[in-house]
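sequence and computational prediction follow.
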Amino acid sequence: MSRQNAQILFPVNVPGAFDYSVPEPMRVERGDFVFAPIGKQMKLGIVMGTKADETGRDLKDIAEIKSTRPLPDPILDFIEWVARYNVASPGQVLRMVLRSWKALDPSPIATLYEPTGDRPLNLTPARRAALTKGGPFPARASEIASRARISSGVIKGMVKVGLMRADERPVDPPYDEPDPELPGRDLSDAQTAAADELVTQVRKDRFSVSLLDGVTGSGKTEVYFEAVAEALRQGRQVMILVPEIALTQAGLSRFGARFGAEPVAWHSSITDMARRRAWREVASGRAKLVVGARSALFLPFANLGLIVVDEEHDTSFKQEEGVIYNARDMAVLRGRLEDRPVILASATPSLESLHNARTGRYAHVVLPERPGAITLPDIGLIDMKSHKPEAGSFLSGPMVQAVAERLSRGEQSLLYMNRRGYAPLILCRVCGERLKSPDTDSWLVEHRATGRAMCHLTGFSMRMPRTCPKCGAEDGLTSIGPGVERIADEAQTHFPQARVEILSSDTTATPDEIKARLGRMERGEIDILVGTQMVVKGHNFPRLTFVGVVDGDLLMGGADPRAGERTYQTLVQVAGRAGRADMAGEAFIQTHHPEHEALQALVAGDRNMFVGVEMEMREMLGLPPFGRIAAVIFWGPDLKKTQKLAKDFVTKAPRTDGIEILGPSEAPIARLRGLYRQRLFIRAEPGVDLSKYMTAWRTKIRPPAKYKIQIDIDPQSFV
Ligand SMILES: Nc1ncnc2c1ncn2[C@@H]1O[C@H](COP(=O)(O)OP(=O)(O)OP(=O)(O)O)[C@@H](O)[C@H]1O
Ligand SMILES: [Zn+2]
């Protein structure tokens, strides 16, 4: 046998894998974890491939194989494909897979204590505290001690007298198994038909994509639960991707209720310990049901059976930093590499997915109505040109009237305003100065509840100044425009007796407060809820019958070719929160442009009309799904040099047919955290491999230190 060479990929941002020699008698295989020297360090990497050494090159030796489960083939392929598609380095993608090194080792073993069940009457206070306040059990002595505010010695004493039991156990136990045989809800005929179609795809046990396209409240979740149950019956694992803000306890409990065990939750704010446990259990194939935000896509499933992307149109599936990728598209790619079915669910599918369904690439599974006698809400427009509120007010007469009616009937209203804080602009009446974020092209937003002025782009915040920072005038600063806090104030002024609360993803509200507020809303303890985007996601409030959109024009305009689509999607989703139980719902949208086609389609309840107009426009302009686009953003500390970098980059464009270059020009956010931003768009005809083209282009220029070239394939954000 000849000596083996191996290509090792390290989780670092370098162009690719490095060749190493495998010293005899060591043998490695694709997917093995190894230690190898890189620079002066010994680093853990992964074997991407091996070959017989024919060249006799002088290569460094691999130092050691780590004894752990190798990464499965499909995820190795996935790493390479994600990198290629998004013009990133495979090492950066590997880093997203290996979020927890400790997960590669078996669970640490510790001495864990739990009560024996013996409970004599004459307990000392410390021992009683250990039993009543020390849980959940089993736990380490130190954990019990700190929860019960006693010393660890007490617990050891309890073992001696038979009140506690001590065992050596893994700290990270496996999760409870979901049970696919628990009964779901009784499905309507339409829901049953849809569920059957999805179950059939799961039984075929190979790659397919189904678009589950059902109106708001039609029971999409109940329907895809049947497909999930089928995959679990096969003994396989299921990955469900949801928008990050849908990962609330209420959201997870729904899975728990259906399958008898809480799913494994994966998102950006879980603890390191939870991350390690989840990763290890997913890799072993034991964790069966994972519900996660977009990064769950990079978990190393051993035996994946089904991928579901819920709210597939949602913009939060796009990661905008580091490796820029769209989790919905990458989920379809992962399904293809794993050769397993994928379900994309939405009440407002993206035009790309609709196009794929219409052209037959995706199966189209449609739920045209809500189950039973429940109907979709009626939607009306309020023309703000003829219903102008007084200066400094933002709710029109008809809107206030609609809320008043609900209040008199004991029903709930939701006022949607997608702006956090009190007012989006702080202006000096004396000198005209606007309060701006330092080093960033963005206005400061007044947050009255906390008394601060904040930048929503960078997180900068300062105490709300009393005098104008420019002219020094006292009491000259005034707030322009509405945010949720201001709308809540106005609603409270109209209805002094009403229980008004705000729901927004603010730094001031802890997850527990948000949970409590959602609970009060569900139980009918809030009359008027004023909320941002956060209220849109998947909530069911049975007594909510009126939705008022304070500013229907907010999402429109600008240079964003997706603005129409976004407006339509958001408004359908917000309106769709009304009348989901047995009381009919209604929605009003305040607008200055009632003639806008997205609004007209909404009122007519005619999605095809909107989609038709939008598709025609996209086809004419060669935009997705009829062509592809990429964005390039140039970042740098000096304006002139950033402009020059962008221009130089354009001169290096490889010559190919079917490519059009637009720009460079200043980005709408021209300065962020002190860095200037220039921007370029590339439009490609359908047949062009845009990723390959951009990769070739990218290698022709190396930005100077402190300058950055960022490539975004299929951009969703146009700032
Ligand atoms: N067949 C049924 N019988 C009883 N209740 C049902 C049935 N189908 C759905 N529901 C209930 O209707 C509500 C809406 O269902 P679900 O959340 O699954 O809809 P959805 O299509 O995912 O909604 P959206 O896209 O608007 O978030 C839920 O409270 C759900 O439990
Ligand atoms: Zn001033």
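Arrived safely. Ligands and ions are numbered 1, 2, ... in the order given.

next, the distance between the ends of stretch 457-474.
By CA to CA, to the nearest Å, the extent of stretch 457-474 from end to end equals 28 Å.

buried residues in it?
Neighbour counts over stretch 457-474 (16 or more other CB atoms under 10 Å) mark 460-461, 464, 468 as buried. The way it works is simple: take the backbone N, C-alpha and C, and place the C-beta from them, glycine included.

what do you get for stretch 691-699?
Quick answer for stretch 691-699 (16+ other CB under 10 Å): 691, 693-695, 697.

picking that back up, report the entries of the buried residues of stretch 457-474 that also contact ligand 2.
Contacts with ligand 2 within the buried residues of stretch 457-474, as defined by CB under 5 Å from the ion: residue 468.

so which of the buried residues of stretch 457-474 are in strands?
Counting by DSSP state E, the buried residues of stretch 457-474 place residue 461 in strands.

quick check, nearest of the buried residues of stretch 457-474 to ligand 2?
residue 468 (3.0 Å; CB to the ion).

next secondary structure after the strand or helix carrying residue 407?
Following DSSP states H and E, one finds residue 407 within helix 397-409. Counting by DSSP H and E, the element after helix 397-409 in chain order, helix or strand, is strand 412-416.

in that following strand, which residues are buried?
Quick answer for strand 412-416 (16+ other CB under 10 Å): 412-416.

wait, which of those residues is closest to residue 716?
Relative to residue 716, the closest of those is residue 416; by CB to CB it sits at 21.3 Å.

so that closest one touches residue 544, yeah?
No - using CB atoms under 8 Å, residue 416 makes no contact with residue 544, being 11.7 Å away.

identify the residues contacting the residue of the stretch 201-350 of the chain found nearest ligand 2.
The stretch 201-350 of the chain approaches ligand 2 most closely through residue 320 (35.1 Å), counting by CB to the ion. Residue 320 is in contact with 712, 717, counting by CB atoms under 8 Å, 6 or more residues apart in numbering.

again, 7 Å this time
Neighbour list for residue 320: residue 717 [criterion: CB atoms under 7 Å, 6 or more residues apart in numbering].

and if you look at the one 5 residues further on?
Contact analysis of residue 325 by CB under 7 Å, 6+ apart lists 82, 86, 319.

about what we covered before: can you redo the buried residues of stretch 457-474 as a markdown table with distance to residue 379 and pLDDT?
Putting the buried residues of stretch 457-474 into a markdown table (distance: CB to CB, whole Å; pLDDT from 0 to 100) gives the following:
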| residue | distance to residue 379 | pLDDT |
| --- | --- | --- |
| 460 | 38 | 92 |
| 461 | 37 | 91 |
| 464 | 38 | 93 |
| 468 | 43 | 93 |
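
state the mean pLDDT of stretch 662-681.
Average pLDDT, stretch 662-681: 93.

quick one: buried residues of that stretch?
663-664, 666-667, 670-672, 675-681.

again, but for stretch 205-219
Going by 16+ other CB under 10 Å, stretch 205-219 has these buried residues: 207-219.

starting at the chain centroid, how far to that stretch?
The chain centre lies 19 Å from the centre of stretch 205-219; the measure is CA atoms, centre = their mean, to the nearest Å.

kindly report the same for stretch 470-489.
32 Å.

follow-up on the earlier one: in helices, which of the contacts of residue 325 appear?
Among those, the ones falling in helices (DSSP state H) are residue 82.

residue 191: which of the contacts of residue 325 is nearest?
residue 319 (33.0 Å).

nearest residue to that closest one other than its sequence neighbours?
Spatially, and ignoring its direct neighbours in sequence, residue 319 is nearest to residue 325 (5.4 Å; CB to CB, 6 or more residues apart in numbering).

gap between the one you found and ligand 1?
Distance, residue 325 to ligand 1, using CB to the nearest ligand atom, to the nearest Å: 24 Å.

and for residue 708?
Distance, residue 708 to ligand 1, by CB to the nearest ligand atom: 38 Å.

do residue 645 as well
From residue 645 across to ligand 1, the span is 44 Å (CB to the nearest ligand atom).

pLDDT score for the spatially closest residue to that residue that is not a sequence neighbour?
Spatially, and ignoring its direct neighbours in sequence, residue 645 is nearest to residue 634 (5.1 Å; CB to CB, 6+ apart). Listed pLDDT for residue 634 reads 97.

check the one 5 residues further on too.
Confidence per residue is given as pLDDT, and for residue 639 that number is 96.

then the one 4 residues further on?
On the pLDDT scale, residue 643 is placed at 97.

ok, now which ones touch residue 60?
By CB under 7 Å, 6+ apart, the residues touching residue 60 are 20-21, 36-37.

quick one: which two of those are the most distant?
21 and 37 (11.5 Å).

neighbour count winner among the two?
Neighbour totals were compared for residue 21 and residue 37, and residue 21 leads with 18 against 13 (other CB atoms under 10 Å).

my read is that one is in a strand, agree?
Yes - judged by DSSP: H, G, I helix; E, B strand; the rest coil, residue 21 forms part of a strand.

how many neighbours does the closest residue to it other than its chain neighbours have?
Among residues not flanking residue 21 along the chain, residue 59 sits closest, at 4.1 Å (CB to CB, 6+ apart). Residues near residue 59, counting by other CB under 10 Å, number 16.

and for stretch 263-278, what's in contact with it?
Stretch 263-278 is contacted from outside by 99-100, 102-103, 172, 175, 244, 247, 252, 255-256, 281, 287, 289-293, 295-296, 299, using CB under 7 Å, 6+ apart.

again, only this time at 8 Å
For stretch 263-278, contacts defined as CB under 8 Å, 6+ apart pick out 99-100, 102-103, 107, 171-172, 175, 178, 240, 244, 247, 252, 255-256, 281-282, 287, 289-293, 295-296, 299.

just stretch 392-400 next, same as before
With contact meaning CB under 8 Å, 6+ apart, stretch 392-400 is reached by 382, 384, 387-389, 415, 482, 486-487, 490-491, 494, 548, 550-551, 588, 590.

stretch 247-262 now?
Here stretch 247-262 has contacts from 175-180, 182, 184, 221, 225, 228-229, 232, 240, 242, 263, 265, 267, 289, 291-293, 511, 514-515, 518, 522, 538-539, using CB under 8 Å, 6+ apart.

the residue of the chain positioned farthest from its centre and ligand 2, how far apart?
Farthest-out residue of the chain from its mean C-alpha position, per CA atoms, centre = their mean: residue 122, at 53.0 Å. According to CB to the ion, to the nearest Å, residue 122 stands 74 Å off from ligand 2.

just to be sure, that residue is in a strand?
No - counting by three-state DSSP, residue 122 falls outside a strand, being coil.

what about it, distance to residue 163?
Relative to residue 163, residue 122 is positioned 12 Å away (CB to CB, to the nearest Å).

do residue 571 as well
Noted for residue 571: a distance of 61 Å to residue 163, by CB to CB.

just residue 55 next, same as before
From residue 55 across to residue 163, the span is 69 Å (CB to CB).

now swap in residue 551 and tell me
63 Å.

the residue in the stretch 351-500 of the chain that ligand 1 sits nearest to: neighbour count?
Residue of the stretch 351-500 of the chain nearest ligand 1, by CB to the nearest ligand atom: residue 371 (4.3 Å). Using other CB under 10 Å, residue 371 has 17 other residues around it.
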